[in-house]
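A.B. asks: Coordinates only, no sequence provided:
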C-alpha cells in the first residue's frame, strides 16, 4: 500500500472581481501518493494554476478557497488540512515540506540579492544550520542540480544566470529542505527545448534520488508523457479525466482528451494527416456553462450534458472520466470507444 | 515541374551595434543573422526553427526590411529588396505580409477590426478604380472576416473584445486583405492554446491551397513546423546549420545540433520506442556578440570533443594538432602544460606525455578554428558541419 501525500477534496476557488465571481476551480478531487509524478494538463483558464496555488494556500485577495479540504499527510502519518491553517502556520510548511517552482524563473528570484543570499534564507529559515553550513549546503545543492563551479557561481546575481541556470537555482532552493511534495507550475514553458530536456531530466533524477512527489502543471502533452506517472486533464475549472499516463494517452475516454490528442501533429507518423481541431473556444469562467464545461464544444454533447455536469465514472481501477457518455444508457461513439475493452 | 524561386536570400547579415560608451576600445556587434542563404519556392512553406536568440525572427523582419540588412541580398521576384531605397518598397510591402506572435500586441487597441483590416487596403489603394470604394472595401472586409471564421458583426468591435485565437484570425485577415504572395508567419501559434493552434494551422493551410500563398513559417515548436512545412532550415546563433525537406530532416538529421534538437522534443507518447535515447546537450547558447571564427555549435557539440586515453599507442598522434578542452596542470612543477583551448603542438604533446596524463579531453581543431560552410551534402540536403560525411557514415572516431 502506497503512502498518501496529498488529498484534495471538493475544492472550489473563486476570485471576486468587480465584474463578478470568476470561478477558477469548481470542485476537484484527487490524491497523490509518495513517489508519484502527477501531471495536470489543461489550456489557459482551465484552473490548473489556481489548483496549485490553492494547494499552497497562496490564493490572494480577491480570491478565496470557498469550499473543500486540502489534506497533507506528513511523514509520521499526521494529517493536516491546509485550508484551516493561518498564513503564519502555513509558512512552516511552505518551502519546507512542500515547495513550488514557477514558470518564469526571473520573476521568482529577487534581482538585488545574490543567489547565495536567496538560498540560505530559505535554508536557515527551516533548519538550525549556521551561515557557513547553510552556504555549504547551498553549494552542494547547486552541484546536485548541475550548475558548474558552484563555488564561484553562488555569489552571482540572477541576471548573470541564463534562463536554464535560473530554473536550476530555483529547483535547488525548492529541494533544499527535502520537501515531500514539489509543485512545478509550467517549469519549462519559458525555456528552449534543449534546455527543457535538461530540466525534465533533472526533475526525474531528483524525484528518484530523494523520493519526493511532484505535481507538474503544464499545457504541453509531450512534457506530461515524458515525465508523469499519473495525469489529470482539466477544463473549465473541473477535472475531465484522470488516470495513469498510459490510460490517458492510449485509452482516452473523454471527448476533450480525445480532441486534444487529435489537435497535435503526431510526429511519428510518416504520412500527413490533417489536424482535427476542437471547434469553438474555452468557456468564460465568469459565466461557466451550466452543465459539463466542455459541452458547448463537444461533438457528442447530449441534452443531459447541457444541464448537469457528469460525475466521475470509473473506467478502470485507475481511470476516472467525467462524461455522460460513460453512462450505461448513453450512445457509444466509435472514435472514442473503438478498440476499448 | 520546375520549381520557381520566389524569394532568394543570399549571404544575408544583420548585426546590431552593441558598443557601449564613447571611448570603447573595440566595436561590439551582435551577430543576429550572420551570412545565411536560402531559397523559398513559389507555393511552398519554408519552416525556420531554432531556439530563442538564434536569429530566426530577425531573419523574418530583415526580409521585409523592418530592419535594414547589414549586408547581403534579398531577391524577391527578381528584385533585390536590400538595394532599393525605402520609397520604392511600398509595392513589395503589399506582396510580403507578416503575421506576428503576440495577438495582443500586434493589433492597435484603438482601432476597430474594420480599421485594422482596411488600413492596408487603403494604403495600397487597392479599390481606387472602383465606383464606390468605401462600399467595396467594406464588402471585402466582410468576406475576409467570414473566410477566417469570424462574423460580420465583429467588424465594428475592438481587439480587446476578442480571445487570443480570434485576434490571431484578425491578424491573418489583415495579412490576406492586400492579396500578398508571401506571408512571413513569425511564431503565429506559440501564444495560442493547443486546441486553438490546430484551428489556425488548418486555416493557414486552406488559404495556401486557395490563394497559392507561400509561407515563411518561423517557430520553435518543432512538431508543428514539421507538420506544416515542406522544407525546413535549422538556425543556431545566427547561422543556418541544416536545410532539408521536412521528411528528410526528421528521418535523417545530419547536423549534430539538429539531431540533439529533434531528440529533445517531448513526444506525446509515453511508451515511444525512442524514449531514453535522448541526446541532452550540455551548457547554454554562447553569446552572439563578436563570435569567434569557429563552428558556432562547437562548444556544445557532442562530436567536437574526444576523450583520449594514454594507454593508446598513438596517444601522441591523436592529440597533436587538436585543442585542449581543459587546462592540464603539472602539479609537481606548478605550471600549466597546456591551457584550455590552446593548440597542442608536438612539444606540448611531449610535455603532456612526460607528465603522465592518464586521459585527456581534446577538441577537434577544425571545429574550433574554422567556421563550416553550408554545403549541399545530398540533393537538397544542406549541412554546415566539417564532419558531415564521417557522422553520416559513422566513421568519426
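C.D. replies: Alright, I've got the coordinates. Given the structure is predicted, the values throughout are model-derived calculations rather than measurements.

A.B. asks: For the nearest residue to residue B:196 once chain neighbours are set aside, the count of nearby residues, please.
C.D. replies: With sequence-adjacent residues excluded and distances taken as CB to CB, 6 or more residues apart in numbering or on different chains, residue B:196 is closest to residue B:165, at 3.8 Å. The way it works is simple: take the backbone N, C-alpha and C, and place the C-beta from them, glycine included. As a burial measure, residue B:165 scores 22 neighbours (other CB atoms under 10 Å in any protein chain shown).

A.B. asks: is it true that residue B:165 touches residue A:281?
C.D. replies: Yes - contact status for residue B:165 versus residue A:281: in contact at 5.9 Å, counting by CB atoms under 8 Å.

A.B. asks: what touches both of these two?
C.D. replies: Contact criterion CB atoms under 8 Å, 6 or more residues apart in numbering or on different chains; residues bridging residue B:165 and residue A:281 by contacting each: residue B:196.

A.B. asks: which residues in the stretch 201-350 of chain B form helices?
C.D. replies: B:222-228, B:246-251, B:256-263, B:315-319, B:346-355 (DSSP state H, counting those that start in this stretch).

A.B. asks: Need the residues that contact the fourth one.
C.D. replies: So that's helix B:315-319. B:306, B:308-309, B:312, B:344, B:346, B:349-350, B:352-353, B:360, B:362.

A.B. asks: hmm, 7 Å instead?
C.D. replies: Applying CB atoms under 7 Å, 6 or more residues apart in numbering or on different chains, the external contacts of helix B:315-319 come out as B:308, B:312, B:344, B:349, B:352-353, B:360, B:362.

A.B. asks: ok so, going back, same list (the helices of the stretch 201-350 of chain B) but as CSV, adding mean pLDDT, distance to residue B:325 and mean neighbour count.
C.D. replies: CSV is the format used below for those (pLDDT from 0 to 100; distance: least, CB to CB, whole Å; neighbours: other CB atoms under 10 Å in any protein chain shown):
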stretch, mean pLDDT, distance to residue B:325, mean neighbour count
helix B:222-228, 89, 30, 22
helix B:246-251, 91, 30, 18
helix B:256-263, 91, 16, 23
helix B:315-319, 77, 11, 17
helix B:346-355, 79, 13, 15
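
A.B. asks: How about the residues of the stretch 151-300 of chain A by chain B?
C.D. replies: For the stretch 151-300 of chain A, the contact set with chain B under CB under 7 Å from any CB of the partner chain comprises A:162, A:164, A:192-194, A:196-198, A:201, A:219-223, A:225-226, A:245-246, A:249, A:259-260, A:263-265, A:267-268, A:274-278, A:281-282.

A.B. asks: Pull out the buried members of the residues you listed.
C.D. replies: Neighbour counting with 16 or more other CB atoms under 10 Å in any protein chain shown marks A:164, A:192-194, A:196-198, A:219-223, A:225-226, A:245, A:249, A:259-260, A:263-265, A:267, A:275, A:277-278, A:281-282 as buried within those.

A.B. asks: Quick check: helices, which of the residues you listed are part of them?
C.D. replies: Using DSSP state H, the subset of these located in helices is A:164, A:193-194, A:196-198, A:221-223, A:225-226, A:245, A:249, A:259-260, A:263.

A.B. asks: confidence score at residue B:294?
C.D. replies: At residue B:294, the model reports a pLDDT of 88.

A.B. asks: For the spatially closest residue to it that is not a sequence neighbour, give its distance to residue B:47.
C.D. replies: Leaving aside its chain neighbours, residue B:294 sits nearest to residue B:368 (4.7 Å; criterion: CB to CB, 6+ apart). Going from residue B:368 to residue B:47 by CB to CB, to the nearest Å gives 30 Å.

A.B. asks: One more: residue A:91?
C.D. replies: Residue A:91 sits at a distance of 49 Å from residue B:47 (criterion: CB to CB).
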